[in-house]
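S.K.: please work out how this folds:
(2 chains)
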Amino acid sequence: MARKSGLAGRFTLARDTFMHRMIASVDGEVGTGKTHFGLTGPAPILVQSIDKGTEGVIEKFRNGEIASKEIYEEVYDWEAAGAIPDDEEDPDAILTLGKAIQEQAIEIRARWEQDLVYAIENGIRLVIADTESRIWQVYRYADFGSPSAENVKDYDKLNGRFERIVNRCKAADVNLILVRSCKDRWGVFNGKFGKKGREVWGYEHLPTCVHEEFTFIRRTEKEQDDAGDGLGEYVIRVGKCRINPDIQFTTLPRMSFGDMGLELVPGSEKADWGITE
Amino acid sequence: MKIAAINHGLDLTRSFDQEERPKGVHMSDLYNSYYAKLNPRKYGKTGEPPVELWTCGYLLEEGLIRRVVHTYGDKGSGRPAPMQTDNGVWFSPDLLMFNGTTRLGEIKLTFMVPGGLNFPWKPGSTYDSLGPKAERYMTQMKLGCRALGIRDATLFAFFVPEAIKAKGRALRCWEIAFTRHELDEEYDLIMRHAQREGLLHG
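M.R.: Sure, this is the predicted structure:
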């Protein structure tokens, strides 16, 4: 029998197996379980929360109702929407408010990046960006000021900096779930300007950076009957799927992070995804 | 004047210093199959391979390898003979360089247009991605590095559309340091695909 060296008293033994991970965008309407899905992933988890949409979701994974996980929630207060009242007509006041918003955006961006790097360097297993849509807005404001600002816009620089969020996780052994919101789709339809349907909003090139794209959908009874797939009310539509092209553009029943892992790598075990509970 | 067209008689199906392609499964079979499945519109084209375009690449390789080795390489640097992984897959890096750090070198000639987040190149700057257009190049280099047990690579890419602009930005070069996890993940991904598709026993 091999003698132990005594090094284990000081160091952490390196893992001897390769672990799988997800770098995924998760979009869908409010209440379809996007954040919940992320929280079923491996702990410790960091939720970078900028959308005030996690209330009542995280608690269940902390207090034992669903699990008792090591979950950290970092909240970023971002008040851009509506910060400049529609009835404000004084250009100086608009300019001052615009500058204040940009300064706030720069501060949030710096905190977001520092927190992410710290988490990656200190053993985090999963980061949930809640929401990617909102933090993308912050990045835009930080670089360009308000959307109507008439400065020259260097989108390559902005995009590169934003993609670093994803690339930092890719380079490490960290899962990343980028939650994306939906909003009304505005445009000219049948010659009239108005809204029609819904669309995902956020960084437009995100699909090229992530490894997996999931859309969480809640279906009406009619939609379930029309689909005839027997998958129930809540489903997950898989878009791009780098890790397993066989399930690209398929629809799966709603499931946890660990079960999704088994779909992504058939034959793997939940432990390969860091799920031990 | 009398001008006669002749057949040049040159074998341009591979680089001059490149050994004949060994029979068996090659790494390129595996990642090309993967990308064809992942994105059939972009990578799944069938039909005759563009042999004459490849010839352009071979000619660039021949010239560039000699220059790179002459300028940067230590003894032993150059194009290695084809190698095999533990599971019998052949791979042939364009270049191996020994000069303090062992590096895999890949040389590409491409008609892609660099720009935006694709193939950014400002000497002295560092990047954490070469953009989506570079994904297959990155896969190839990751697999080569993983198989060799190294983490460093150098990519030389010659962009034909940039050469026409004549601004000195046609030949771009990047030194890339992969993380262990990136290499393992990519290798795992491609080998899993190969097993599923039955390519490893072909």
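
S.K.: what's the biggest helix in the chain, counting residues?
M.R.: Chain wasn't specified; assuming chain A. helix A:91-121 (DSSP state H).

S.K.: hmm, no, I was thinking of chain B.
M.R.: Counting by DSSP H, the longest helix found in chain B is helix B:51-72.

S.K.: what packs against the longest helix of chain A?
M.R.: strand A:45-49, strand A:71-75, strand A:126-130, helix A:132-144, helix A:155-171 (3 or more Cβ pairs under 8 Å, 6 or more residues apart in numbering or on different chains; DSSP states H and E). Bear in mind the C-beta positions are built from the backbone N, C-alpha and C, glycine included.

S.K.: give me that answer again for 7 Å
M.R.: Helix A:91-121 sits against strand A:45-49, helix A:132-144, helix A:155-171, with contacts defined as 3 or more Cβ pairs under 7 Å, 6 or more residues apart in numbering or on different chains; DSSP states H and E.

S.K.: and chain B, which of these is closest to it?
M.R.: Relative to chain B, the nearest member of the helices and strands packed on helix A:91-121 by Cβ to the nearest Cβ is helix A:155-171, separated by 4.0 Å.

S.K.: got the CA coordinates for the next helix or strand after the closest one in CSV?
M.R.: Downstream of helix A:155-171, the first helix or strand assigned by DSSP states H and E is strand A:175-189. In CSV, the C-alpha atoms belonging to strand A:175-189 read as follows (Å, rounded to 0.1, in the frame of the first residue of the first chain):
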residue,chain,number,x,y,z
ASN,A,175,-20.1,26.8,-15.3
LEU,A,176,-21.8,29.9,-16.5
ILE,A,177,-25.5,30.4,-16.9
LEU,A,178,-26.4,33.7,-18.7
VAL,A,179,-30.1,34.4,-18.0
ARG,A,180,-31.7,36.4,-20.8
SER,A,181,-35.0,38.3,-20.6
CYS,A,182,-37.7,38.9,-23.1
LYS,A,183,-39.3,42.1,-24.2
ASP,A,184,-41.9,43.4,-26.6
ARG,A,185,-40.8,43.4,-30.2
TRP,A,186,-41.3,46.8,-31.7
GLY,A,187,-41.2,47.6,-35.4
VAL,A,188,-43.2,48.4,-38.5
PHE,A,189,-45.7,45.7,-39.1
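
S.K.: need the pLDDT of B:E20.
M.R.: Looking at B:E20, its pLDDT stands at 80.

S.K.: which secondary structure element is home to the closest residue to it other than its chain neighbours?
M.R.: Distances taken as Cβ to Cβ, 6 or more residues apart in numbering or on different chains place B:R14 nearest to B:E20, at 7.4 Å, with adjacent residues excluded. Under the criterion DSSP H and E, no helix or strand holds B:R14.

S.K.: can you count the residues close to B:R14?
M.R.: Applying other Cβ atoms under 10 Å in any protein chain shown, we find 15 other residues in the vicinity of B:R14.

S.K.: what does A:I66 give?
M.R.: By other Cβ under 10 Å, the burial measure for A:I66, its neighbour count, is 16.

S.K.: the one 4 residues further on now?
M.R.: Counted with other Cβ under 10 Å, the neighbours of A:E70 add up to 12.

S.K.: nearest residue to it other than its sequence neighbours?
M.R.: A:P44 (4.1 Å).

S.K.: what's the answer for A:R111, then?
M.R.: Per Cβ to Cβ, 6+ apart, closest to A:R111 is A:Y76, 6.5 Å.
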